[in-house]
Every structure is written in structure tokens, then in C-alpha cells.
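Q: Coordinates only, no sequence provided:
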């Protein structure tokens with residue numbers, strides 16, 4: 001299906017631990033496999049669209065508490081269920097919105113990150129990406145066990161192992177994202193050198209299948225336009241908890 005990727009990556013498997021579907025409110029992952037991206041060339045049109053969106057968000061929430069949003073409330077409840085404190089460790093989408101509502105810009109990082117941030121904000125869905133060249137083996141969304149390696153997440157200067165029961169993404173080397181979608185480790189983040197990667201949008205609870213599909217389609221479309229990459233879309237849910245490519 002992905003002829004130009006390395007042999008190692010052609011057989012990559014992404015799995016969601018079945019217990020995740022039992023413990024949380026209708027989790028779903030929209031995955032986009034990206035091949036051959038030009039992740040160095042920023043686009044002024046995307047910057048303009050993002051700035052417009054930031055203005056709209058600030059206007060909408062000028063008098064409306066973010067806590068009243070069902071999608072934000074759902075992620076807070078999910079974090080509480082696996083023992084995390086959403087006030088101290090908010091989901092990635094809540095953290096992104098809070099930055100904007102404080103008057104901060106999200107800034108240009110690199111095209112792939114800028115694109116998934118835009119779609120994340122537009123649809124109020126957590127989003128992330130992993131560089132396939134720096135991943136080791138397969139990827140799983142699962143629960144941490146008592147033997148997880150200590151890792152340093154972005155923004156911290158010390159290593160810490162996820163406690164047993166925390167929801168994490170991990171490959172065969174270590175955890176690559178803690179507290180479901182709180183923060184990633186540096187090893188697999190998207191940089192200007194990234195050409196092949198996976199992008200992930202996450203949905204639970206009130207997010208409809210159509211909303212998730214619309215967000216996935218727009219993300220894939222924008223990546224194709226702005227990075228000239230080839231994209232392939234997959235969805236993981238309780239009926240289809242594993243994909244391979």
C-alpha cells in the first residue's frame with residue numbers, strides 16, 4: 001500500500017488496547033499516513049486562515065467558559081478516569097485553547113504541525129504526529145504497566161516513568177506520548193526534516209463520526225496541498241482496533 005516506505009515501515013501496526021473501548025466513552029482515532037512531505041516551506045495562506053480562526057475562537061469564548069464545552073468536559077472526565085488531574089495536566093486541545101484565550105499565538109512550528117494545529121482548533125479535537133523514521137516497531141494506545149521506561153516529555157527537563165494505569169502511546173522503545181494526549185517525547189516529534197509520518201486525531205464522547213471524518217478529510221487535504229505529500233486515511237474504533245500499512 002505504501003511502496004516507497006522502508007520495509008520496516010510497510011509492516012507497521014497501530015493498535016488500540018481493547019480495554020480502552022470498554023473504559024471510555026466511544027474512543028476513536030483518525031490516522032493519516034503521510035508520505036514524502038515537504039515540511040520546510042511555510043504557506044502564507046495557512047497562516048492567514050489560522051489567524052482568522054484564532055480571532056473567531058477569542059470572540060466565541062469572550063463570555064463563555066471553556067469548561068462548558070462538551071468536548072473539553074469529556075476529555076477532563078477521561079483524564080480523571082485513568083488517574084490524571086486535568087487541571088494540572090489538561091488534554092492537548094484544552095491546553096491549546098487556553099493559550100489562545102490568554103491572547104497568545106500558537107506560532108509557526110513547521111507546516112505539518114501548523115496544519116494539524118489548525119484542524120485541531122477548528123474541530124476541537126486533540127491532534128498529534130509522529131515521525132516514522134524515528135519510531136521503533138509498532139505503535140499502541142494502551143495502559144502503562146509497572147515496567148515503563150522513564151521518559152522526558154517536551155517542556156520538562158527530567159525523566160519520569162508513566163505510572164501504572166496511565167493511558168499512553170508507546171512504540172517498542174518507550175512511551176512517546178503521556179497522559180493520552182498531554183505531551184510527547186522529543187524522539188518522534190515532527191521537524192522540518194520529517195518526510196514520512198503519521199498524524200492522529202482523537203475523538204471521544206460527544207464528537208460524532210461525521211465530525212471526525214470531516215476533520216480527517218480536511219487534514220489530509222491540507223497536508224496534500226501544503227506539503228505535496230501523499231496521504232492515506234484509516235480509522236480505529238471498537239470494531240476495528242488495529243490497522244497495518
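A: Noted; the coordinates are in hand. All figures in this text were calculated on a predicted structure; none of them were measured in a lab.
Q: and residue 91, how many residues sit next to it?
A: 25 (other CB atoms under 10 Å). Where C-beta positions appear, they are placed from N, C-alpha and C, glycine not excepted.
Q: who are the neighbours in contact with the residue nearest to it when sequence neighbours are not counted?
A: Take residue 91 and drop its neighbours on the chain: the residue closest to it by CB to CB, 6 or more residues apart in numbering is residue 75, 3.9 Å away. By CB atoms under 8 Å, 6 or more residues apart in numbering, the contact set of residue 75 is 86, 90-91, 93-94, 126, 204.
Q: Can you list phi and psi of residue 75 for me?
A: Backbone torsions of residue 75, given as degrees, to the nearest 10, read phi -70, psi -30.
Q: and the gap between it and residue 147?
A: 27 Å (CB to CB, to the nearest Å).
Q: Next, the buried residues of the top helix by length along the chain.
A: When the chain is parsed with DSSP state H, its longest helix is helix 209-227. For helix 209-227, the neighbour count (16 or more other CB atoms under 10 Å) marks 211-213, 215-216, 218-220, 222-223, 226-227 as buried.
Q: tell me how far it is from the chain's mean position?
A: 13 Å (CA atoms, centre = their mean, to the nearest Å).
Q: Name the residues that touch it?
A: Residues contacting helix 209-227 (CB under 8 Å, 6+ apart): 28, 30, 32, 34, 37-39, 41, 43, 46, 111-112, 115-116, 118-119, 122-123, 125, 127, 199, 201, 203, 229-231, 233, 235.
Q: Filter the residues you listed down to just the ones in strands.
A: 28, 30, 32, 34, 127, 199, 201, 203, 230-231, 233, 235 (DSSP state E).
Q: In CSV: the residues you listed, plus pLDDT and distance to residue 135.
A: Output for the ones in strands among the contacts of helix 209-227, formatted as CSV (pLDDT from 0 to 100; distance: CB to CB, whole Å):
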residue, pLDDT, distance to residue 135
28, 98, 22
30, 98, 18
32, 98, 15
34, 98, 13
127, 98, 17
199, 98, 13
201, 98, 18
203, 98, 23
230, 97, 19
231, 98, 18
233, 98, 19
235, 98, 20
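Q: Mind checking which of these are buried?
A: 28, 30, 32, 34, 127, 199, 201, 203, 230-231, 235.
Q: the helices in the chain, which residues?
A: So, for the chain - with DSSP H - the helices run 7-10, 18-23, 44-60, 70-81, 92-101, 111-123, 209-227.
Q: In contact with residue 139, which residues are there?
A: Here residue 139 is in contact with 12-15, 130, 169-171, 176, 198 (CB under 8 Å, 6+ apart).
Q: From the buried ones among the ones in strands among the contacts of helix 209-227, pick the one nearest residue 105.
A: residue 127 (17.6 Å; CB to CB).
Q: now residue 167: how far from residue 24?
A: 8 Å.
Q: okay, the two: which has more neighbours?
A: residue 167 (26 against 17).
Q: now, the most widely separated pair of the buried residues of helix 209-227?
A: 211 and 227 (23.8 Å).
Q: I figured residue 187 was touching residue 130, is that so?
A: No - Residue 187 lies out of contact with residue 130 (CB atoms under 8 Å); the separation is 9.1 Å.
Q: When these two are compared, which one has more neighbours?
A: residue 130 (23 against 17).
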